[in-house]
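Asks: Fold the stuff below for me.
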Amino acid sequence: MAMNLTLFISIGLSEQKAKETVKNEALSNELKQVIEHAQKINKGASIEKTIGTLLYHVATRSKNKKRNNFITEYVVHKKITSEAQLTASFEYFRCNPLDPVDVKAFDEACGVGVVVTPEEIEDTVEEVLEKHKDNLLEKRYHYNTGLIMGEVRQKLKWADTKMVKSEIDMQVLDLLGPKTAADMEKPKDAKTGKSKNKEKKPKEKKKEQSTDEKSEREYTSMNQLCGEALRFHKTGENYKTEGYVVTPKTMDLLKQHLKETNGEVRTRFPPEPNGILHIGHAKAINFNFGYARAHGGKCNLRYDDTNPEKEEEKFFVGIREIIEWLGYKPWKITHSSDFFQELYDFAVELIKRGDAYVCHQRADEIKGFNPPDSPWRNRPIEESLQLFEDMRKGKIDEGDATLRMKTILEEGKKDPVAYRIKFTPHHRSGNDWCIYPTYDYTHCLCDSIENISHSLCTKEFQSRRSSYYWLCNALDLYCPVQWEYGRLNLNYTVVSKRKIGKLISQGIVSDWDDPRLFTLTALRRRGFPPEAINRFCAKVGVTMSQVSFDPSMLDACVRDVLNDTATRVMSVFDPIKITITNFPSKKDLEFDVPNIPHDTSKGTHKVRLSSTLFIEQSDFAESGDSNFRRLTKEQPVGLKYANLVISVESVLKDQSGKVKELKVKCVSVTETEKPKAFIHWVSEAIKCEVRLYERLFRHQHPEDPAEVPGGFITDCDKDSLKIIPDALVDLSVKGAKVYDKFQFERNGFYSVDPDTTDKKLIFNRTVLLKEDSGKK
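Replies: Coordinates of the predicted model:
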């Protein structure tokens, strides 16, 4: 360590910088190799500080380490003398990763031999300064001289930055003179001297847009959703991605890939068909399908069906239905099992190349990150080929042999399994196979076969990236780029298949689509519109970090969509009978009620009022305080849409003292004082069942033992479902179909449940209306 410290100081690093570098073992070793190579070129002579600084950047910034010696030679021989030239050299090798190096092209790209004289710098600065002269004289030293620097750098790409900065400072000083006291003060306002307290312009009324227009703007645009994806590689430029492995065959394989795909973006959504998709999958669906759509590309739905023990047909159907419900259509529907023969052939080739072997260690022996090396790792290739064929023919018992790959994952796990024996019929191939490939083996090869350009995975697969690249390159196959992003997590829920299965088996929820869950089938049943889920995914965006969100954010997206799409109807859950003793007509009154009050294009529906109607128990109090705005013995109230005001004549109660009926008289709203409130009501109504759902879990993180020591099952709220068997809903909902959505006025948004029959409508509460804290 002391030797490295001395070595680093010898090239001009400060003692503090040298000590920090020594602490980083990987960087320290890299810098040591660069310096030693430089000393060898320099024949032991001391290294100038300017050269030492560039050598430090070679060690810290170069992504293509095999080119470090080449770049170091240019630095030591002073062919590369500036950071700009050094940066250009890194970019050149990023775009031209293969041997041999085209020296002439490299020199041209890096400005080797280009000399920028002080006179050229002076003349160019003077030319650019003249363009900015008026602004400089107006704003003086508050003007952003970075703009001037940028323009000069564009004209003189290889000029020394310090010389340019010095020349700009000198010419600005010559133009403006020394700084005054006013120049030293911070500007009072960034906007040309206008008062900060200027009158605000009235907001312009926004042009109304249809829901379809909003959808087109918000959901097909990837500006919100993509986030980190904005830096993804262009098709065919895989090699420009950090960490991508380039081999002598890479460029030819990329050319073939571009030919077969016509340069289109190709993505895939690869779910395992052993469970129902959840809210986290919605982000993956939106990202994979949305990214392809935004770039004019194509996205496959590929079922990762390599585990025959857990796959069921209902999951295959359910996955496809949900994807289409969210508004996406796969370009192709494929299965990993489509490629079983090709995958097997690749495995044979991998053995022949000495990169895989048959191992007899049991599963429990190779668990964890530091298992002992397999004693069969170096067995003869022919022996592994024969044993793998025996595995294929069912001659070896389940668990007695696996095929393992000779590679190490980022997390340190050595020789991951490629094939295991399972004497289980496959839902598609039947008994054709008794060996099945693992995810680590299948994933990248299927991506390669399908010519995927962007393999988008959640963050937990980052540790598989090196083996992904290794396997494609070991077989000389086209290698896609794997990009990882943070998983979408929601508070107050669990999404693992095993845990949801436990909730179902213990009778806490009814099935995978129980509306208290956050599976996508559950959210659909609860009444969440697909547009709202897509909007939520766009809002949370794509980031590299794992972030948890509160369900209220999703609820807000649901309200935004339903507010523009859900027909308004009136309903009463806890009714009081009202009899109007002076009803103003011999016939029922009929009113046109807008379906969506703020959107007249959505039409109206009829509502009928007779002398008998019903209101909510909570809308009546025999005597209310000054804050109670609804019906009391002394206080009249308006009937919404009817233009009538009712006042109490008498109160009828049952034996327990509960109010069961009110006798009221009515008067037109134009003939009396305006009431404090108008309430909803129903007159000609049908009885419906209404299911009110609350959060299933009491704590934010039900799986966290520190928060819920007893386990997630103990955190369940047994009162999270309340059923109202005989709610009264306006007759206009008659004939509603499953998943039709309504706003029950002053209550919430509701959706027709699949349990609905011809005899009885059943509604699920989707979300409450926004709360008004000032409303009583």
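
Asks: I'd like to know how far residue 97 sits from residue 66.
Replies: To residue 66, residue 97 is 9 Å away according to CB to CB, to the nearest Å. Bear in mind the C-beta positions are built from the backbone N, C-alpha and C, glycine included.

Asks: Compare those two and say which is more crowded by neighbours.
Replies: The neighbour count for residue 97 versus residue 66, taken as other CB atoms under 10 Å, is higher for residue 97 (19 against 11).

Asks: Mind pulling up the pLDDT for residue 341?
Replies: Predicted confidence (pLDDT) for residue 341: 98.

Asks: so it is in which element?
Replies: Residue 341 is part of helix 340-352 when elements are defined by DSSP states H and E.

Asks: How about residue 729?
Replies: For residue 729, the host element (DSSP H and E) is strand 721-730.

Asks: what's the helix or strand following that strand packed up against?
Replies: Going down the chain from strand 721-730, the next helix or strand is strand 741-744, by DSSP H and E. With contacts defined as 3 or more CB pairs under 8 Å, 6 or more residues apart in numbering; DSSP states H and E, the packing partners of strand 741-744 are helix 551-565, strand 567-569, strand 748-752, strand 762-768.

Asks: Columns mean neighbour count and distance to residue 186 on top of the ones you listed, output as TSV?
Replies: Formatted as TSV, the helices and strands packed on strand 741-744 follow (neighbours: other CB atoms under 10 Å; distance: least, CB to CB, whole Å):
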stretch	mean neighbour count	distance to residue 186
helix 551-565	19	38
strand 567-569	21	54
strand 748-752	25	51
strand 762-768	21	48
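
Asks: I'd like to know which of the ones you listed lies nearest to residue 380.
Replies: Minimum separation from residue 380 across the helices and strands packed on strand 741-744 (CB to CB) falls at helix 551-565, 57.4 Å.

Asks: Mind listing residues that contact the helix holding residue 341?
Replies: Outside of helix 340-352, the residues within contact range by CB atoms under 8 Å, 6 or more residues apart in numbering are 336, 356-357, 381, 384-385, 388, 392, 403, 405, 418-419, 429, 432-433, 435, 437, 441-442, 445-446, 449, 471, 474-475, 477.

Asks: Pull out the buried members of the residues you listed.
Replies: Among the contacts of helix 340-352, those classed as buried by 16 or more other CB atoms under 10 Å are 336, 356-357, 384-385, 388, 392, 403, 405, 418-419, 429, 433, 435, 437, 441-442, 445-446, 449, 471, 474-475, 477.

Asks: wait, isn't residue 572 in contact with residue 616?
Replies: Yes - counting by CB atoms under 8 Å, residue 572 does reach residue 616; the two are 5.5 Å apart.

Asks: Tell me where the stretch 1-150 of the chain has helices.
Replies: Remark: helices assigned in the stretch 1-150 of the chain by DSSP state H, counting those that start in this stretch are 2-10, 15-23, 25-41, 49-61, 68-76, 83-95, 103-110, 118-131, 133-139, 146-155.

Asks: Of those, which is nearest residue 703?
Replies: Shortest distance between residue 703 and these, using CB to CB, is found for helix 25-41: 35.3 Å.

Asks: helices and strands of the protein: which one has the lowest mean pLDDT?
Replies: One helix or strand of the chain scores below all others by mean pLDDT, DSSP states H and E: helix 211-219, with a mean of 42.

Asks: Now for residue 346, how many residues are close by?
Replies: 23.

Asks: Repeat that for the one 5 residues further on.
Replies: Taking other CB under 10 Å as the neighbour definition, residue 351 ends up with a count of 23.

Asks: do you know how far it is from residue 253?
Replies: Counting by CB to CB, the gap from residue 351 to residue 253 is 22 Å.

Asks: Let me see the confidence value for the most centrally placed residue in the chain.
Replies: By CA atoms, centre = their mean, the chain has its centre lying nearest to residue 542, at 3.9 Å. Listed pLDDT for residue 542 reads 82.

Asks: Thank you kindly, that will do.
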